[in-house]
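next come a sequence and a model predicted from it.
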Amino acid sequence: MIKKMTHSNKDDYNKSNESFLVTGRIIPKYENDHWTYTEESFSEPYLKQYENDDIDDSYMEDAEKAVFFYYADDKCIGRIKLRSNWNGFALVEDIGVSASSRQQGIGTRLLEKAVEWARQNHQIGLMLETQDVNLSACRFYARNHFIIGGVDTMLYSKFSTAREKAIFWYRKF
């Protein structure tokens, strides 16, 4: 069941933020005004986890923002964080599913909720960013009708993840 974040369930926000296995990367290529990519597998996979986020009340009070949780048996096992972006797209700021609940269609249902929210808010599509080394996420977005719209090689240059590239994905309605 998908529920919008409220003051009563706000503490569920970081419950689905768990590590994932990095097994490779995508290698994007831009040619003839079209993005394609190949995949590279890593010989030594590693675990990666994003830091927990602080979520502010604006995601409950501002009509241009929203967070939705996915619940199974009253346990929060997924989330998607959205906001209207300046370019007419709804920006998916974060999406996550608990490790034990992945590969069960929960992420797709959360994206479907994001599409519904974006359309209700007169957005022209969804956009998001992930790293080239988040191979499972890149595959997931491609399966869910997203296409690469750009690559940023400098976004993470200050961090220990400097070898990662930011991949910007779009799904236009």
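It's in.

in the longest helix seen in the chain, what's buried?
Criterion DSSP state H: the longest helix present in the chain is helix 106-120. By 16 or more other CB atoms under 10 Å, the buried positions in helix 106-120 come out as 106, 107, 109, 110, 111, 113, 114, 115, 117, 118. Bear in mind the C-beta positions are built from the backbone N, C-alpha and C, glycine included.

closest to residue 41 out of these?
residue 107 (22.1 Å; CB to CB).

so what pLDDT did that closest one get?
Looking at residue 107, its pLDDT is 97.

next one: the one 5 residues further on
At residue 112 the predicted local distance difference test score is 98.

gap between it and residue 91?
Look at residue 112 and residue 91: by CB to CB, to the nearest Å, they are 17 Å apart.

where along the chain do the strands fall?
For the chain, applying DSSP state E gives strands covering 2-4, 20-31, 34-48, 65-72, 75-84, 89-97, 125-131, 147-152, 166-172.

for residue 59, find the nearest of these.
Of the strands of the chain, nearest to residue 59 by CB to CB is strand 65-72, at 4.7 Å.

so for the closest one, what gets flagged as buried?
Here strand 65-72 shows 65, 66, 67, 68, 69, 70 as buried, counting by 16+ other CB under 10 Å.

ok, what's across the strand from the fourth one?
Put plainly, it is residue 68. The partner list for residue 68 in beta bridges (DSSP bridges) reads residue 4, residue 80.

I figured it hits residue 112, correct?
No - counting by CB atoms under 8 Å, residue 112 is not a contact partner of residue 68; they are 10.3 Å apart.

need phi/psi at the most far-flung residue of the chain relative to its centre.
What lies farthest from the middle of the chain is residue 32; by CA atoms, centre = their mean that is 27.4 Å. In terms of degrees, to the nearest 10, the main-chain angles of residue 32 are phi 50, psi 50.

how far away is it from residue 145?
Residue 32 is 21 Å from residue 145, by CB to CB.

contacts only, for residue 144.
Counting by CB atoms under 8 Å, 6 or more residues apart in numbering, residue 144 touches 108, 111, 171.

looking at the residues you listed, spot the one nearest residue 84.
Out of the contacts of residue 144, the member with the shortest distance to residue 84 (by CB to CB) is residue 171, at 15.2 Å.

how far away is the closest residue to residue 47 other than its chain neighbours from residue 114?
Distances taken as CB to CB, 6 or more residues apart in numbering put residue 19 closest to residue 47, at 4.6 Å, once the chain neighbours are dropped. Residue 19 sits 23 Å away from residue 114, taking CB to CB as the criterion.

with residue 68 instead?
Applying CB to CB to residue 68 and residue 114 gives a distance of 8 Å.

before I go, just wanted to say thanks for your time.
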